[in-house]
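**Q** Could you work out the structure for the sequence below:
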Amino acid sequence: MAEYFDINAILMEDEKVPCVSTSEVIYMGPLCPSSKNEHLDVSSKMELPLWLVKAVNGTVLRLEVPKSFNESHRETVEADPTVVNLHDWCPYYYQFGLQLAGLEGLPQDEIRTTLSTAFARRYPSIMDLSHNSVSDDTSTQTRKLDVMERQLFHRGLACDREMSVWLGRQSHRLAMAVAADRPQAKRSKRQEE
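**A** Below you'll find the model as predicted:
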């Protein structure tokens, strides 16, 4: 479970899920932008945030697969996930997909397979990019990464920088404290006199 105050979890749960109402729902017409009624009619199509879908799933809604996880997108990811711009499809692709895979009425196994394939094939290139671009501008390469992949990239980049410092034996250099340096200066002045 995500942290309560985690902004990424809040933004991920606000991603939209397409759904269709299976029965008439009183006073819920404003949920459907095309509805003129105050009541939600049967077979009304709408997109609702994930947090709301999880609360009412199976009661009055039939879920449809979001565009970023439909069959054509899944086939694209499985063909070559390294060229796909996941951030454009869904900024929280992996976290959102894991939440969708837990909902009834969606192709859970296919979504899980797509997520694991995408991550397993994209991870090596993300780590390679983070370890070989310590001083380069990586904004164009990281533009295709979703939020979790960007966090992995930045952690790998920080780890590589720390490793370079350690290998250069600069991580544990002892320096004289300012307070310890002052009496030395006073002693040298006294010796000169």
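**Q** Which secondary structure state does C19 sit in?
**A** Of the three states, C19 takes strand according to DSSP: H, G, I helix; E, B strand; the rest coil.
**Q** Could you find the closest non-adjacent residue to it?
**A** L61 (4.5 Å; Cβ to Cβ, 6 or more residues apart in numbering). The C-beta positions use only the backbone N, C-alpha and C, and glycine is treated the same way.
**Q** what's the burial count for the one you found?
**A** For L61, the neighbour count with other Cβ atoms under 10 Å is 23.
**Q** Distance check, it against S125.
**A** 38 Å (Cβ to Cβ, to the nearest Å).
**Q** again with A158
**A** Going from A158 to S125 by Cβ to Cβ gives 18 Å.
**Q** Looking at those two, which is more packed in?
**A** Legend: neighbour count by other Cβ under 10 Å for A158 and S125, higher for S125 (14 against 11).
**Q** isn't there a helix covering that one?
**A** Yes - according to three-state DSSP, S125 belongs to a helix.
**Q** In contact with the spatially most central residue of the chain, which residues?
**A** Centrality entry for the chain: nearest residue to the mean C-alpha point is V147, 2.8 Å, by Cα atoms, centre = their mean. Going by Cβ atoms under 8 Å, 6 or more residues apart in numbering, V147 touches N8, H87, P91, Y92, Q95.
**Q** What is the neighbour count of the first one?
**A** Going back to what we said before, that points to N8. N8 has 15 neighbouring residues, counting by other Cβ under 10 Å.
**Q** which other residues reach the host helix or strand of it?
**A** Using DSSP states H and E, N8 sits in helix 7-13. Helix 7-13 is contacted from outside by A2, E3, P49, L50, W51, P91, Y92, Q95, F96, Q99, V147, using Cβ under 8 Å, 6+ apart.
**Q** Can you mark which positions in that helix are buried?
**A** Within helix 7-13, the residues that qualify as buried are A9, M12, E13, counting by 16 or more other Cβ atoms under 10 Å.
**Q** Need the pLDDT of the second one.
**A** In this model, M12 is scored at 93, pLDDT.
**Q** ok, E15 - contacts?
**A** Counted by Cβ under 8 Å, 6+ apart, E15 has contacts P49, L50, P66, C90, Y92, F96.
**Q** the bottom helix or strand of the chain by mean pLDDT?
**A** Within the chain, no helix or strand scores below helix 178-192, which has a mean of 62 by mean pLDDT, DSSP states H and E.
**Q** farthest-separated two in the contacts of E15?
**A** P49 and C90 (13.2 Å; Cβ to Cβ).
**Q** Those two: which has the busier surroundings?
**A** Neighbours per residue, other Cβ under 10 Å: of P49 and C90, the larger number sits with C90, 22 against 13.
**Q** all strands of this structure, in order?
**A** Per DSSP state E, the chain carries strands over the ranges 16-21, 45-49, 61-63.
**Q** between those, which gets nearest to K36?
**A** So among these, strand 45-49 is nearest, using Cβ to Cβ, at 13.7 Å.
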